[in-house]
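> Dropping a prediction and its sequence here:
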Amino acid sequence: GNSVTQMEGPVTLSEEAFLTINCTYTATGYPSLFWYVQYPGEGLQLLLKATKADDKGSNKGFEATYRKETTSFHLEKGSVQVSDSAVYFCALTGTGANNLFFGTGTRLTVIP
Amino acid sequence: GAGVSQSPSNKVTEKGKDVELRCDPISGHTALYWYRQSLGQGLEFLIYFQGNSAPDKSGLPSDRFSAERTGGSVSTLTIQRTQQEDSAVYLCASSSLWTRLNTGELFFGEGSRLTVL
């Protein structure tokens, strides 16, 4: 079946620190992979995506590379800001794209 | 509307009561999804609508949960005889057919927080 395993949180970093949030997946077929972000008081929104192996998704300084050999899609950012404080969800679309399978979410807090 | 709208934003109810949660998707979006977000859990898929029909309702946790969609637009999630374990944030998302097939992106509302006392 399809599932996503995401790094446990919470994560607290100082401003300008390097961020990695690990995500691995199990899927049949060739899923698309996503990172969604939920800022305080807001709904989930798409941060970035990758639709095939070796693709790199990027947005707002965040990056993630679709690694088929390690079934991973780790989220990285070189220098986090206070405004990046949010909950980050890794997700995949299964065959038929009828729904997204989400990880448990990782809460990131960036302190000045 | 401009985004997915959900109501109520907060609902407190007593165990055993019925509740209805409403979702108004982005205009023109034919696909509509309900998810549940419990504390410490990921987003749990509940049901998916394409138009007014629900080809995948596999995530509904029990027969106390039901959902309908009318006019290809507004959807209502109904929970009968609520239990304390139903306490969660219920999220609705919508997508157009093109977006769903090409990017997989879903557009989420802010959710309805349900607390069952």
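Arrived safely.

> Just the helices from chain B, written as ranges.
With DSSP state H as the criterion, chain B has helices at B:97-102.

> near chain A, which residues of it show up?
B:3-4, B:33, B:35, B:40-43, B:45, B:48, B:55-56, B:59, B:91, B:93, B:100-101, B:103-111 (Cβ under 8 Å from any Cβ of the partner chain). (Each C-beta comes from the backbone N, C-alpha and C, glycine too.)

> Only the buried subset of those, as a ChimeraX command please.
In ChimeraX, this line selects whichever of the residues of chain B next to chain A come out buried by 16 or more other Cβ atoms under 10 Å in any protein chain shown:
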select /B:4,33,35,42,43,45,48,56,59,91,93,100,103,104,105,106,107,108,109,110,111
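
> mind listing which of the residues of chain B next to chain A are in strands?
Among the residues of chain B next to chain A, the ones falling in strands (DSSP state E) are B:33, B:35, B:43, B:45, B:48, B:55-56, B:91, B:93, B:107-108.

> any low-confidence regions in the chain?
Since you didn't name a chain, this refers to chain A. Where chain A drops to pLDDT under 70, the residues are A:94-98.

> should've been chain B
Applying pLDDT under 70 to chain B flags residues B:1, B:40.

> Could you tell me how many residues sit around residue A:68?
10 (other Cβ atoms under 10 Å in any protein chain shown).

> which non-adjacent residue is nearest it?
Excluding the flanking residues, the one nearest residue A:68 by Cβ to Cβ, 6 or more residues apart in numbering or on different chains is residue A:53, at 3.9 Å.

> so what's the one you found up against?
In this structure, residue A:53 makes contact with A:30, A:66-68, judged by Cβ atoms under 8 Å, 6 or more residues apart in numbering or on different chains.
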